[in-house]
Every structure is written in C-alpha cells, then in structure tokens.
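Novice: Just the structure for this:
(chains A and B)
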Amino acid sequence: MPRVRFAPSPTGFLHVGSARTFIFNWLYARRNKGTMILRLDDTDAERNTQASVDSIFEGLKWLNLSWDEEYKQSERIDLHRKTAWAIFEKGFAYRDFTPAHSGDAEKSGAQGTWLFNPGAREMSRAESDRRAGAGEPFALRFRVPREAGETVRFTDAVYGEQVKLAADIEDFALLRSDGMPTYHLASCADDADLRISHIIRGQDHLSNTFKHVLIFEAAGSTPPQFAHLPLLVAPDGTKLSKRRHGPVVSVTTYRDAGFLSDAFINFLCLLGWSPKNDRENMSVQELTDAFSLEGINRSNAVVNFKEPATTPEETFDPKAVWLNAEHIRALPVEGLSRRLLPVVRVAGFDVSEEKMLRITPLIRERIKLLSDVLTAADFLFVDQLPPYDPAELIPQKGDTTMARKVLEKAREVLAGVEFKHDPLDQALRAAAQELGVKAGQMFQPIRVAVCGRKNAPPLFETLEVLGKESTLARIDQAVRKIA
RNA sequence: GGCGCUAUCGUCUAGGGGUUAGGACGGAAGAUUCUCAAUCUUCAAACCCGGGUUCGAUUCCCGGUAGCGCUACCA
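Specialist: Alright, predicted model coming up:
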C-alpha cells in the first residue's frame, strides 16, 4: 500500500504548481489504493502565517480531492530533534560553533563549492561537549563522507538513475543554533516516521534528494521511492512566482474566474504528464484510471498566459479555458445550473432556481467560464434592458422602415401565439413571408429588441424563457426607439 | 563559479534507427445555422547546433549552446 504526502509550507497562497503536486500525489494514491497524507511543513516560524494555512485549505477544498491523514510538522519537533541527535550519536553529524553568516556574502565571495567549516568538523567530541555544556550556541551539521570517489545514489521514477559525488555535497545543517530543525531534517524525519513510500514533488528538490538519502541512511531508514515532477514555468521561462507573475499563479484566481475544479485539475494534469493515447478531455475518474508515474515527462511545462495580462481572457492558458468549456458542456443541465446560480446571485441578480434551470440550456454552449453567464444571459436577469444603439435594430440590407415594419408585425403576431418554440417558429416565419422579408431580417430586429444586442442565444428558445409579457414590452420599447 | 536536470509546431504533447514526424489548444479559410456559439472540413506550423556510431539518425553516444533548478542555521 503506497503512502504519499503533499507537504506545503504555509508561506503564501496555494500555488498552481503546488496544486499540481497535490493532484499527482492524490492520483497516485487513489490509483494504487494507497494513503494520501497532508502535512503542513511549518518549521519556519518567521515566514509561516495562519492566513496562508487558511488559503491553502481553501484552495484544496475547492479542488475537492480528499486526504486520509493530516499532520503539522511544528507539532513533531521532538521527533525531529530525536532523529538529529541519533544521527549525531552515530557520528554522522557534528556541532558547528561558527556564528551564522549571511548567504549573500557567501555567494559573492565563493568561486567554488562551499563544503564545510574545517575547524568544526574535526573538533574532538570532548571539546564539542565542553563548549556546548558551557552554553555556546551551535548548529548541528551533517558530516558528509569525504572519502575520494564516494558517491550518493538513488533511482528517480521520472529522471532515472541519479549519482552524485559526495565531494560535491556540502555539510548541510540539521539543527539551527536555536535548536529548531531545518527543512531537510524535519522532512526526512517525518517521511521516515510516517512511513512514506513515495515522495512525489517538484523537480526543484532533485538535487536536495542526495542530502535526503544521506539523512535517511544515517537515521537507519530505507529511503522511499522518489518521483520528481517537471516544474511549471511562466511564458518567460522562469518558475511561476507570486512576485513576478501575480494572481495568475494562485488557485483561487481560477476558482473566482469561473473555472470548474475538475477542468482545472484536468488542465494541470496535462502539464508534464500524458496518458499517451491522445486523450485530453478527462474526468477525475478517468485521470485516476490512466495515471502512472511512467507518463510523467522531464522538461518544464509553460503555463501559457499572456505576460502582462490585461483581460481575464489573457490571464489563463487558452487550453485551460477550452477544457473548462468542454467540462461545462459535459455537465448535465441541473449540475451546471446549480453552479451558475451562485455566480449570478453574487453579481446581484435575483434569479430563481427554476428560471436558472430554464436559462442554462440557452447558454451552455456559449460560455467558457462560469462567470460568462453574466454576459451571456444578462438580458434575462433584468427587467429593464440597458440602453442600446437603435441602429442595431436595423436588419441586414434593410432600413429603419423595415425595422419598424418588422417589429410592429412581430408585436401583433406574438400577442396571439403560444410562447413555445414550434409555434413561435411557425408564426414568425409566416410573418416574414407575409412582409416579404427574409427570415433573418425578421429575426434580427426582434433579437435586438429583446436582448439589446445582435449576438445572443437562438431566438425562439430565448422568447420562450423570457415570456410573452416581457417580450411584448421590449418590442414596444424598441418601436418607440426608432419612431 | 560548482553540481545537476532538460531540449519535437507559438503552447501542451505522441513517437522513435528507415514515418507523408501524429494529436490537442491557439491561428487562418470554408461548410452549416435566425445572429453568436457549438459542430464538421481544410490549411499553415516542429525534431537547438556540431561531431561521431550506422547502409541510414530527429531517435543512440560525445561535445557545444540555451533554459531551468540546487548551491542558507528558507522551504
């Protein structure tokens, strides 16, 4: 039974890259009847915030993918320390009394690889104990093997055999001088304790994995299986970041823009993974059935939004939008209607469930995002149509006279017809023939009178939903406009 | 600087020693329709460069280049 975990550190909102990592872990767990674990990696007290924890849960809740166990790393610090000291007792770590130094100074000065503080590494245990006993602060560092030719190796399910010279790995810290565990230690100690079988995470951890293997082995545990995921990058090729790229990297931005969570999941899965059979539009169940680590590829994937996104359209990858439209069309009317209703109500329109249910089929094939309902069906939500240009009422190859003639005839015919598709169809076509105009010339002025614009859902269905009273009132208004 | 990873249409990808290098999004054109959509058809669009290996490399190997990642007492 595989045990996998998603371990975000709560230092910001839920990132689309993190969401994808969560999804891949979830898919792997569900596919293989394993256990999905959520672990908050919150050992960095400086940067962690409750707001971030909330926003991560908010994002995960929207994805609607559940987990089986939940942990907080900050509640497990005793375990981390115990692990660190066990490593120390075995001689795989040493105290480093060198004062903490700034990483920037290190970077600008060093030309080669920084490996360790020679004095500290070779200090005798007696002296180390004495100075620690005297209360001198220290960090605990891993004693990376320095024998010539020594290597660290592991097999990555995505990137294959990985080998690195131990000589290229620095003596990284396990405990900070305040006694708090570092990420590497806490993460490995927890993964071992929670019996994680597969670590599926971002490729940015690929090089860190050598350190992790060292920790697992020093702690006497067998390292889990690793699978690193290619990174999600912006069109400029850089890693997605809040600072550089703004809200497009936040999961809630997709939710608020009217994405269906299943479509969003579908989109993310297609970035760096392929079912290899040309399938693209897939449900969560289909994704689960098709998922395997073998389908994951090795190169970074671009989330193709327009860099300075000016319109909502440009904010998202066109493929994400297309998939969302596909998922919307695949939803039964009731399901779609149920999701549309809150969008409409939040926008301030008072629409009943029954009415929404009747509107939904009219716009289902015309919206890409749930929020498009506001522009696609606006005229059905209000009593008073917003102002429009009377010139719009003039049909193709027609003039004001024709427009008036058509509208007056429509008003007369519609007053006496049942507001159902077929009767409306017959009556209006007959009226067009009577007037000697083309069907399109007949329908267009009515459409504009009723919808306030030329592009709208099919006329008869629209009239049926709008009802006789409103239809006649709007036609009257239109007639007055061109009088 | 050191170490590592990667490289197929604009983007996501399939493929793999001999293929018309396939699909999807987006783009263009057309069909259809009461407009808009949806749908259907068609078109343009790619194997980073250089060396090997081989009868033959886009595919395998090496090098280069580029991009990305790691190189903290951040995660």
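
Novice: residues in contact with residue A:386?
Specialist: When contacts are counted by Cβ atoms under 8 Å, 6 or more residues apart in numbering, residue A:386 touches residue A:452. (Each C-beta comes from the backbone N, C-alpha and C, glycine too.)

Novice: And it, its phi and psi?
Specialist: According to degrees, to the nearest 10, the main-chain angles of residue A:386 amount to phi -70, psi 160.

Novice: Check the gap between the closest residue to residue A:349 other than its chain neighbours and RNA strand B for me.
Specialist: Counting by Cβ to Cβ, 6 or more residues apart in numbering, residue A:349 lies nearest to residue A:381, which is 4.0 Å off, once chain neighbours are set aside. Between residue A:381 and RNA strand B the distance, using Cβ to the nearest atom of the strand, to the nearest Å, works out to 17 Å.

Novice: Contacts only, for residue A:381.
Specialist: When contacts are counted by Cβ under 8 Å, 6+ apart, residue A:381 touches A:344, A:349, A:351.

Novice: Distance of it relative to residue A:388?
Specialist: Spatial separation of residue A:381 from residue A:388 under the definition Cβ to Cβ, to the nearest Å is 16 Å.

Novice: what's the weakest-modelled helix or strand in chain A?
Specialist: For chain A, scoring each helix and strand by mean pLDDT, DSSP states H and E identifies helix A:103-109 as the least confident one, at a mean of 43.

Novice: hey, C-alpha coordinates of the helix or strand following that helix in CSV?
Specialist: Per DSSP states H and E, the first helix or strand lying C-terminal to helix A:103-109 is helix A:118-122. As requested, C-alpha coordinates have been extracted for helix A:118-122 and formatted as CSV (Å, rounded to 0.1, in the frame of the first residue of the first chain):
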residue,chain,number,x,y,z
PRO,A,118,37.1,22.6,8.7
GLY,A,119,37.6,23.5,12.3
ALA,A,120,34.2,22.5,13.4
ARG,A,121,34.1,19.2,11.5
GLU,A,122,37.3,18.0,13.1
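
Novice: helices or strands next to the helix or strand that comes right after helix A:118-122 in the packing?
Specialist: Next helix or strand after helix A:118-122 toward the C-terminus (DSSP H and E): helix A:125-133. Judged by 3 or more Cβ pairs under 8 Å, 6 or more residues apart in numbering; DSSP states H and E, the packing partners of helix A:125-133 are strand A:93-96.

Novice: Sheet-wise, list the partners of the strand it packs on with their directions.
Specialist: For strand A:93-96, the paired strands and their directions (DSSP bridges) are strand A:139-142 (antiparallel).

Novice: residues in contact with the strand it pairs with?
Specialist: Applying Cβ under 8 Å, 6+ apart, the contact partners of strand A:139-142 are A:84, A:87-88, A:92-96, A:98, A:100, A:116-117, A:120-121, A:171-177, A:211, A:214-215, A:218.

Novice: does whatever helix or strand comes next after that strand come close to RNA strand B?
Specialist: Downstream of strand A:139-142, the first helix or strand assigned by DSSP H and E is strand A:151-156. No. Counting by Cβ under 7 Å from any atom of the strand, RNA strand B is not contacted by strand A:151-156; separation bottoms out at 8.4 Å.

Novice: elements contacting strand A:151-156?
Specialist: Under the contact criterion of 3+ Cβ pairs under 8 Å, 6+ apart, strand A:151-156 touches strand A:160-165, helix A:209-218, strand A:225-229.

Novice: Report the inter-axis angle for that strand versus strand A:160-165.
Specialist: Direction vectors for strand A:151-156 and strand A:160-165, defined by axes from the mean of the first three to the mean of the last three Cα atoms, to 10 degrees, enclose an angle of 160 degrees.

Novice: Might you quantify the distance of strand A:151-156 from its chain's geometric centre?
Specialist: 32 Å (Cα atoms, centre = their mean, to the nearest Å).

Novice: Check which residues of it are buried.
Specialist: Neighbour-count burial for strand A:151-156, counted by 16 or more other Cβ atoms under 10 Å, picks out A:152, A:154, A:156.

Novice: By neighbour count, which of the contacts of residue A:381 wins?
Specialist: Each of those was scored by neighbours using other Cβ atoms under 10 Å; the highest score is residue A:344's, at 23 neighbours.

Novice: out of everything not next to it in sequence, what's closest to the residue in the stretch 251-400 of chain A positioned nearest to RNA strand B?
Specialist: Going by Cβ to the nearest atom of the strand, RNA strand B is nearest to residue A:299 of the stretch 251-400 of chain A, at 3.0 Å. In this structure, residue A:299 finds its nearest non-sequential neighbour in residue A:230, 5.6 Å apart by Cβ to Cβ, 6+ apart.

Novice: That neighbour: how many residues sit nearby?
Specialist: Counted with other Cβ under 10 Å, the burial measure for residue A:230 works out to 19 neighbours.

Novice: Looks like it contacts residue A:274 (just checking).
Specialist: No. At 11.7 Å, residue A:230 and residue A:274 do not qualify as touching, with contact defined as Cβ atoms under 8 Å.

Novice: So for these two, which residues contact both of them?
Specialist: With contacts taken as Cβ under 8 Å, 6+ apart, residue A:230 and residue A:274 have residue A:297 as neighbours in common.

Novice: and RNA strand B, which of the contacts of strand A:139-142 reach it?
Specialist: Applying Cβ under 7 Å from any atom of the strand to these, those adjacent to RNA strand B are A:96, A:98, A:100, A:172-173, A:176-177.
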